[in-house]
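Asker: Pasted the sequence and its predicted model underneath.
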Amino acid sequence: MGGDGCGDSRHRDGGVRPHLGVPQLDDDEAVDLEPGPPRGGPEHRGCLALARVDPVALQRLLAAAAPPTEGPAWALRHAQACRAARPLPRLQHPLAKFVALPFVLAVPAFGLHQHIAFGSVLGELQVFGALAFAKGFALWWSSWAAGVVALAAALRALVELSTLAAAAWRPEGLATLRNALERVALALLDLGLPGWLALRLLG
């Protein structure tokens, strides 16, 4: 037999295994989970023999027995539409959106600034040196990155609000609508900003 009551018991390999209120059983001893008075005398009273119960399996059984939690229908439809959406993963990558895109936008804008302020694309480099030129470009790059983040956040808010409204009032074809909204937002970000900059440069 295992240890007495709820204290520590010594395993067959010589180590001590605590069981925190649960009596330990030998390897050839069965687990009794049937309701009723505890067996083994008064020293086992108040202890439950769970030494050989798999905690992962027990957790799954308890989760399966728990009543399902249901939210509002529109919230469930919104969550399903978000999971079903298939945006373009490469263009949606944070490095593509918030690093590469601002860099592409900063290069012509910084070049125009150099032409206006110093007369040539490398005017600041020739006048003040490489460090000042690099700091100036980094400032323009970070400024465009902040603008891209702000625009992306606004577009994301519009997509989510539109999806929530459709989930509440027009749930038919919600996944298709979500995909269309994602692509429109991505097009406005990746094509709208460069197009706006091109108009400003050529205007």
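Answerer: Good, I have the coordinates. Because the structure is a prediction, the values reported are computed rather than measured.
Asker: only C-alpha atoms for contact and neighbour calcs from this point on.
Answerer: Noted.
Asker: helices or strands next to the helix or strand hosting Leu105 in the packing?
Answerer: Leu105 is part of helix 101-118, with elements assigned from DSSP states H and E. In this structure, helix 101-118 makes packing contacts with helix 123-128, helix 130-169, helix 193-202, judged by 3 or more CA pairs under 8 Å, 6 or more residues apart in numbering; DSSP states H and E.
Asker: got the buried residues for the next helix or strand along the chain from the longest one?
Answerer: This means helix 130-169. Following helix 130-169 in sequence order, the next helix or strand is helix 174-187 (DSSP H and E). Residues of helix 174-187 classed as buried by neighbour count (16 or more other CA atoms under 10 Å): Leu174, Ala175, Leu177, Arg178, Asn179, Ala180, Leu181, Glu182, Ala185, Leu186.
Asker: Could you list the low-confidence segments of this structure?
Answerer: 1-56, 59, 63-89 (pLDDT under 70).
Asker: any idea how it splits into domains?
Answerer: When the chain is parsed with automatic domain parsing, its domains come out as 1-69, 73-202.
Asker: what's near enough to touch Ala166?
Answerer: Residues touching Ala166, when contacts are defined by CA atoms under 8 Å, 6 or more residues apart in numbering, comprise Leu174.
Asker: gap between it and Asn179?
Answerer: With distances defined as CA to CA, to the nearest Å, the gap from Ala166 to Asn179 amounts to 13 Å.
Asker: Now do the shared contacts for the two.
Answerer: Looking at what touches both Ala166 and Asn179 (by CA under 8 Å, 6+ apart), there is no common residue.
Asker: picking that back up, which outside residues touch the helix holding Leu105?
Answerer: Helix 101-118 has contacts (CA under 8 Å, 6+ apart) with 120-124, 137, 140-142, 144-145, 148, 190, 194, 197, 201.
Asker: try it again with 6 Å
Answerer: Contacts of helix 101-118 from elsewhere in the structure, counted by CA atoms under 6 Å, 6 or more residues apart in numbering, are Ser120, Val121, Trp140, Trp141, Trp144, Ala145.
Asker: Can you turn the buried part of those residues into a ChimeraX selection?
Answerer: Here is the ChimeraX selection string for the buried members of the contacts of helix 101-118, based on 16+ other CA under 10 Å:
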select :121,140,141,144,145
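Asker: Can you convert the helices and strands packed on helix 101-118 into a markdown table and add a column each for distance to Pro108?
Answerer: Written out in a markdown table, the entries for those read as follows (distance: least, CA to CA, whole Å):
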| stretch | distance to Pro108 |
| --- | --- |
| helix 123-128 | 14 |
| helix 130-169 | 10 |
| helix 193-202 | 8 |
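Asker: Quick one, which of those helices gets closest to Gln92.
Answerer: Closest of these to Gln92 is helix 130-169, at 10.5 Å (criterion: CA to CA).
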